[in-house]
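1. please work out how this folds:
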Amino acid sequence: MEYLIEGRDPASVFRFFEEICAIPHPSYHEETIADYLVDFAKSRGLDYVRDELHNVLICKPATKGMENVAPILFQGHTDMVCEKNGDVEHDFLNDPLKLFLYGNLLGAVGTTLGGDDGIAVAMMLSILDGEIAAHPAVECLFTVSEEVGLNGAHGFDYSYIRARRMINMDSEELGVITAGCAGGVRSELTMTPVRVPFHEGMGIPMRVTVKGLMGGHSGCDIHTGRANANKLMGRLLSMPAVEGWTVNIVSLSGGSKDNAIPRECEAVIVVSHPECYKQILYMTEMIRGELVREDAGFSVSLEEVSNPNTMLSDEDSARAIAILSCAANGVLAMNKDEQGLVEYSRNLGVVRTDAETGEITFVFSSRSATESRLDASIAELDALAAITGCRTHHHSRYPGWRYAPASAVRDAYMEAYRDVTGEDARIEVIHAGLECGIIYSKLPDMDIISIGPAMYDIHSPMERLDLASVEVFWRTVVRVVEILSKN
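-> Model prediction:
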């Protein structure tokens, strides 16, 4: 294949990354990239394990003289969040990403890039390919379906792991050491609504579309105040009730990932009065004045559509709108001890209508480092479901990872980053979920940090990878290995 990135060191990191971008690897569809990893291991005579989930562990022996040094585990995930702009044609199951360079920044045309966490995969492949001349035994764990519930990390058999020093490479800010993270749980509220036949004269069918929002990661960006398209739709559809008019839902569709703040939402509705659209446009302007700068592209469009066959009853339409507008969303509590750290949040990431059954499902992601907060979120959503006639399904729960007062790996990275850049790295605990929490729960004597190069606007089509930061990151990782090899 032809490579876009040239003149960067080490070339293998960027070559591997471009090869990964050419392989479709959405969550739940990691078979092909697992094949790629296994072929890599076989061609280099490296031991590997591939499980039924398509997690892959590849092991490289210590170089001469390093046989008695404790091994190091590197870890990252192979799946990516697949988001695209509404006007972009791209099949994430079959099409390679279309990359472009803008100075030091690498992006994908109209889609997410998958730097989260493709850059970790590329880094580990370079290590396994011999780019570090001297090292202890290295274990590289490539997990699947991280973005949809950390499923691969949950399902891996950790008896294969010998290392008790681990470097996760799923962070997105150069010079920052992540040393703790939130836990989380996914929740689905599903409504089986009463649908009534639509007849001429019952109202005016129209499509309402919210778009142009920034979106972002529902953990890392939840504190930014960026708007949630699904929640805004709830406000818009609630507005006609002020005048005593009704809105009947035909279908709702918003967001595609529970761990991404939704940028777009579409509702096909039937309004009882022709003036309803004015109320919706009035509320649009009120909302516009509330939004943060990143959401400056916000827009709402209304257009009449052909008559539907059915629509939700008045009662079930009101219930669906109530879920959109009333479910608690965003930052729900800040940490009492760490200033600026979100303690508890929820994201209404997806709303979808099943074309065959007519059921409407609302998908939430709740996050907290405190297990009782997650319990409370489940109870609250169960209560909301009970009064709106929904059934609930809670799944993909994962533990948080609490900060360790002492860490040799953390100290090594601090020293290495200072050696490479002349600056001090910063230590933080984040609100996003990481596989580190699951691995720590399985191997509680594991010394773990999470690090990464600079990435911007992950989980959105604006995602960019800073290539200059990747070069600094690589040199820092090499230095970390040197430091840990002395201990």
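2. now Ser126: which helix or strand?
-> Per DSSP states H and E, Ser126 falls inside helix 115-128.
3. elements contacting that helix?
-> When contacts are defined as 3 or more Cβ pairs under 8 Å, 6 or more residues apart in numbering; DSSP states H and E, helix 115-128 sits against helix 11-21, helix 31-43, strand 56-60, strand 72-77, strand 138-143, strand 455-456, strand 464-466, helix 467-484. C-beta coordinates here come from the backbone N, C-alpha and C atoms, glycine included.
4. go through these and name the closest to Val210.
-> strand 455-456 (23.6 Å; Cβ to Cβ).
5. between the helix holding Ser126 and strand 56-60, how many degrees?
-> For helix 115-128 against strand 56-60, the angle by axes from the mean of the first three to the mean of the last three Cα atoms, to 10 degrees is 30 degrees.
6. what is the neighbour count of Leu434?
-> 28 (other Cβ atoms under 10 Å).
7. of all the helices and strands in the chain, which has the lowest average confidence?
-> strand 216-217 (a mean of 90; mean pLDDT, DSSP states H and E).
8. so after it, what's the next helix or strand?
-> The helix or strand immediately downstream of strand 216-217 is helix 229-238, counting by DSSP H and E.
9. export the next helix or strand after that following helix to CSV, keeping only CA atoms.
-> Using DSSP H and E, the helix or strand that follows helix 229-238 towards the C-terminus is strand 247-254. Presented in CSV, the C-alpha positions along strand 247-254 are these (Å, rounded to 0.1, in the frame of the first residue of the first chain):
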residue,chain,number,x,y,z
VAL,A,247,-46.9,16.1,19.0
ASN,A,248,-47.2,12.5,18.0
ILE,A,249,-43.9,10.6,17.4
VAL,A,250,-43.5,8.5,14.3
SER,A,251,-39.8,7.7,14.9
LEU,A,252,-36.8,9.0,16.8
SER,A,253,-33.1,8.5,15.8
GLY,A,254,-30.2,10.2,17.6
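10. now do the least confident helix or strand of the chain: everything it contacts.
-> With contacts defined as Cβ atoms under 8 Å, 6 or more residues apart in numbering, strand 216-217 is touched by Thr224, Arg226, Asn259, Ala260, Ile261, Ala432, Asp457, Ile458, His459, Ser460.
11. confirm for me that Cys181 is in contact with Gly433.
-> Yes - using Cβ atoms under 8 Å as the test, Cys181 is close enough to Gly433 to be in contact (5.9 Å).
12. joint contacts of the two?
-> Common neighbours of Cys181 and Gly433, counting by Cβ under 8 Å, 6+ apart, are Gly400.
13. starting at the chain centroid, how far to stretch 121-132?
-> Averaging C-alpha positions (Cα atoms, centre = their mean, to the nearest Å) puts stretch 121-132 24 Å from its chain's average.
14. what does it contact?
-> By Cβ under 8 Å, 6+ apart, stretch 121-132 touches 10, 12-14, 16-17, 20, 33, 37, 40-41, 44, 46, 58, 60, 74, 76, 78, 135, 138, 140, 142, 169, 473-474, 477-478, 481.
15. and the pLDDT at Pro399?
-> Pro399 is assigned 88 on the pLDDT scale.
16. how close does it get to Ile438?
-> As judged by Cβ to Cβ, to the nearest Å, Pro399 and Ile438 stand 7 Å apart.
17. let's have the contacts of strand 216-217 in TSV, adding distance to Glu380.
-> Shown next, in TSV, are those (distance: Cβ to Cβ, whole Å):
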residue	distance to Glu380
Thr224	23
Arg226	23
Asn259	19
Ala260	22
Ile261	20
Ala432	21
Asp457	30
Ile458	28
His459	25
Ser460	28
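18. which of those residues has the most neighbours?
-> Ile261 (30 neighbours).
19. beta partners for that one?
-> Bridge pairing for Ile261 (DSSP bridges) gives the partners Gly216.
20. list the contacts for it?
-> Contacts of Ile261 were listed using Cβ under 8 Å, 6+ apart, and they are 213-218, 221-222, 226-228, 347, 349.
21. in terms of contact, does Leu73 touch Ala137 like I think?
-> No - under the criterion of Cβ under 8 Å, Leu73 makes no contact with Ala137, lying 9.7 Å away.
22. no more questions from me, cheers.
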